[in-house]
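Colleague: sequence isn't available, so here's the structure alone:
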């Protein structure tokens, strides 16, 4: 054999492609999931629309009282609201708020859930017991009542970043309740992986606990964590809408999809577009995110990837 | 048909029957002739049959169905007797003044033909019992401050002795809040706020409470012992708790309800349209005035004046920059009348104080003059030479309304905030449940505890005498002086208003009005109408800004 020749380059004189990485295989599987692809396209469009909402000729918070409750038209494609404000513009700006809440909630969830799940799963014993009871206790709290209570308290609290019914307040309120799901997931990964030979070998070689947690075990949980995070975005948008719908979320005149729906209640039969468009946006975002989550679950599932290789 | 098939049919029939019974059993019971029954729609479950205990308006409305008072007020503000034979006056000898001591007595004569639903007679003992129960419970009720004693003279005569001349004596055992309770039935030991009379009232009024399913409905049936011959004409009244405005509208349009209590403005328009099988009725007089209440002290700190709301120039600028006409005509759909002081009703007619102008530029100039300018160009003014705050203090504040009013008030709040923003006043808009806003201090009530900066809600006085409301809102001795603004001259004129001499009374009232106009402790905007949606078949309903719409329920009739 020529020493310069790649030993895997040819088998029986036929050229062989180098083996595909897990990422490549996952991407291929993701692309074959029609729902996930459609969801990605729709979500990207929605994000682009909200990012460029500032290009609208209308101000989302400035009234035009003589044009109240205009039906959808070329001038106002989504119609206007009770103060004559362009509903398309408000819907797009509302999307910024709702999606920001979604992303911030996931950030808070991961910041709390991943460390707690990792510590519980790696150390086990009484630490695991204590942390799991905390998780159980958190999960047992009736979520809506707790969210309303917490929102009411934070609204009055004098805290540096959490003031009034701001995006941050709502994100903190939702994040406080959603981290246990991620913590449990991460703990489950740790319980499985910490007994494997390579982790034992790393321990025998004197690797520190933080190194083992961060470098050896945690990467195994990236797949489920990513999937859970995408689903978490949808959950947070829905909960924010629910809170705003009940009057505990983002306060007008700042638009959010939830408070726009809330304000549409009285006019369902007379001005249905007030509810249809924000409702449609919530629907499209949630379903897109859920399909993306589904696609990622399939794509990142090692058994399915291996099954495909075989 | 074989046995198995017969069994199947039998089981199917039984299931269908059970479902039918279940479904029909879920709704309120109706009388045999459901055609002589009406349905009233209200949004909240009433707390009790007691207007002193809780004051959402629905307690009083349902109380009117089952209980009577000594006197009531009609839609034009005239006081008329109900359990009393007549209203005591100086002219008929019922009121005796002691001008030297500046005290008075009032003697009430009761009707002798009124009976409780259990057959017992309504007597002076019941009136004295009701009064004592209120006193023992420590209920807050303005006449208590001026009343020395309430005594039974005989079975149908009561003597009330006042510590001062008290012009509102004629409604102290009635009006919208007070009903007379039966001594022989109410559990006196449980006390005024806890007794059975508030949940299972014994009727003296036109109807008897038959059923109360919390948060769903209350059913009332005709009181056969009611003292007015041939009344009430309607056999049954069902009050349904329906919080959602669109559902209420639909029920009215479908003919499933006869009275929509306090509909939102768009619904009122709907009910006025011909062909909808509905109609609309409003009170001939206004009462409820939408007002801004600035807290002149820092939120939650009754010792420190507010950095800018304590300055009358700022309060004046706030008023000048509100386009009241646009709010009334475009948001409240014309259902309102501009109001700029508490004395807008007869006999005062605003004391000739002219209507303030809408002047945004003037408002901005006034803020400049008060030392509030936007020196950093961020759109919000800061204190730069103001008298009431440290230099650099931002001109932003919390601005709250109550949730129950609905969208019209929310839109008005946003429009006002937008106008203020245009002259550099920042706001943090809030919507708070009325139950929190007006709760007692120990229950977290934001108003009474001063836990607000600027609130907007509607209030007004029943009848023609505003003395108690003026005292409540502006006296230095009142716990309900929410804005914490006080003025010695104002206290003096409020005291002067407690007289039975009309000339003195009008003079004191208009002097007080002049001070309020000068100082603007509250910013009055417009009156909202007392209005109700009705089915076409329901007649005799006379909305009353001085009393709940059910004040004359015994006179209501149904078209065949």
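Modeller: Cool, got the structure. Bear in mind the structure is a predicted one, so any value in this text is a computation, not a measurement.
Colleague: and residue 55, how many neighbours?
Modeller: As the question left the chain open, I've gone with chain A. If you count neighbours by other Cβ atoms under 10 Å in any protein chain shown, residue A:55 ends up with 9. Just so you know, the C-beta spots here come from the backbone N, C-alpha and C atoms, and that holds for glycine as well.
Colleague: not quite, go with chain B.
Modeller: Other residues near residue B:55 come to 14 when the count uses other Cβ under 10 Å.
Colleague: can you give me phi and psi for it?
Modeller: The phi and psi values for residue B:55, taken as degrees, to the nearest 10, are phi -130, psi 70.
Colleague: please name the nearest non-neighbouring residue to it.
Modeller: In this structure, residue B:55 finds its nearest non-sequential neighbour in residue B:177, 7.3 Å apart by Cβ to Cβ, 6 or more residues apart in numbering or on different chains.
Colleague: I'd like to know how far the one you found sits from chain A.
Modeller: Distance check for residue B:177 against chain A: by Cβ to the nearest Cβ, to the nearest Å, it reads 29 Å.
Colleague: same check on residue B:363?
Modeller: Plainly put, residue B:363 is 18 Å away from chain A if you go by Cβ to the nearest Cβ.
Colleague: to which secondary structure element is that residue assigned?
Modeller: If you go by DSSP states H and E, residue B:363 is part of helix B:360-369.
Colleague: following that helix, which helix or strand comes up?
Modeller: Downstream of helix B:360-369, the next assigned helix or strand under DSSP H and E is strand B:372-373.
Colleague: what's in contact with the next helix or strand after that following strand?
Modeller: Next in sequence after strand B:372-373, counting helices and strands by DSSP H and E, comes strand B:382-383. Counting contacts by Cβ atoms under 8 Å, 6 or more residues apart in numbering or on different chains, the residues outside strand B:382-383 that touch it are B:307-308, B:371-376, B:389-395.
Colleague: buried ones among those?
Modeller: Neighbour counting over the contacts of strand B:382-383 (16 or more other Cβ atoms under 10 Å in any protein chain shown) leaves B:307-308, B:371-374, B:389, B:393-395 as the buried ones.
Colleague: check whether stretch B:323-339 contacts chain A.
Modeller: Yes - judged by Cβ under 8 Å from any Cβ of the partner chain, stretch B:323-339 and chain A are in contact via B:326, B:330-331.
Colleague: which residues touch the residue positioned nearest the centre of chain B?
Modeller: Nearest residue to the geometric centre of chain B (Cα atoms, centre = their mean): residue B:57, 5.3 Å. Taking Cβ under 8 Å, 6+ apart as the criterion, residue B:57 is in contact with B:262, B:548.
Colleague: again, only this time at 7 Å
Modeller: When contacts are counted by Cβ atoms under 7 Å, 6 or more residues apart in numbering or on different chains, residue B:57 touches residue B:548.
Colleague: farthest-separated two in the buried ones among the contacts of strand B:382-383?
Modeller: In the buried ones among the contacts of strand B:382-383, two members sit farther apart than any others by Cβ to Cβ. They are B:307 and B:374, at 15.7 Å.
Colleague: residues in chain A within reach of chain B, list them.
Modeller: Within chain A, the positions adjacent to chain B are A:62-63, A:65, A:68, A:82-83, A:164, A:247, A:251-253, A:263, A:265-266, A:268-270 by Cβ under 7 Å from any Cβ of the partner chain.
Colleague: residue A:48: neighbouring residues, count only.
Modeller: The burial count for residue A:48: 10, using other Cβ under 10 Å.
Colleague: need phi/psi at it.
Modeller: Main-chain dihedrals, residue A:48, degrees, to the nearest 10: phi -60, psi -40.
Colleague: re the thing from before, can I get the buried ones among the contacts of strand B:382-383 in CSV with distance to chain A and pLDDT?
Modeller: Output for those, formatted as CSV (distance: Cβ to the nearest Cβ, whole Å; pLDDT from 0 to 100):
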residue, distance to chain A, pLDDT
B:307, 16, 97
B:308, 19, 98
B:371, 26, 97
B:372, 22, 97
B:373, 23, 97
B:374, 18, 96
B:389, 18, 95
B:393, 16, 96
B:394, 13, 97
B:395, 17, 98
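Colleague: circling back: in ChimeraX, select just the buried ones from the residues of chain A next to chain B.
Modeller: A single ChimeraX command selects the buried members of those (16+ other Cβ under 10 Å):
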select /A:63,65,68,82,83,164,247,251,252,253,263,266,268
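Colleague: now, which of the residues of chain A next to chain B lie within helices?
Modeller: residue A:263 (DSSP state H).
Colleague: average model confidence for stretch A:222-238?
Modeller: Average pLDDT, stretch A:222-238: 82.
Colleague: ranges for the strands of chain A?
Modeller: Along chain A, counting by DSSP state E, strands occupy A:10-11, A:14-15.
Colleague: over to the stretch 301-450 of chain B?
Modeller: Taking DSSP state E, counting those that start in this stretch to define them, one finds strands in the stretch 301-450 of chain B at B:301-305, B:336-338, B:372-373, B:382-383, B:396-402, B:426-432.
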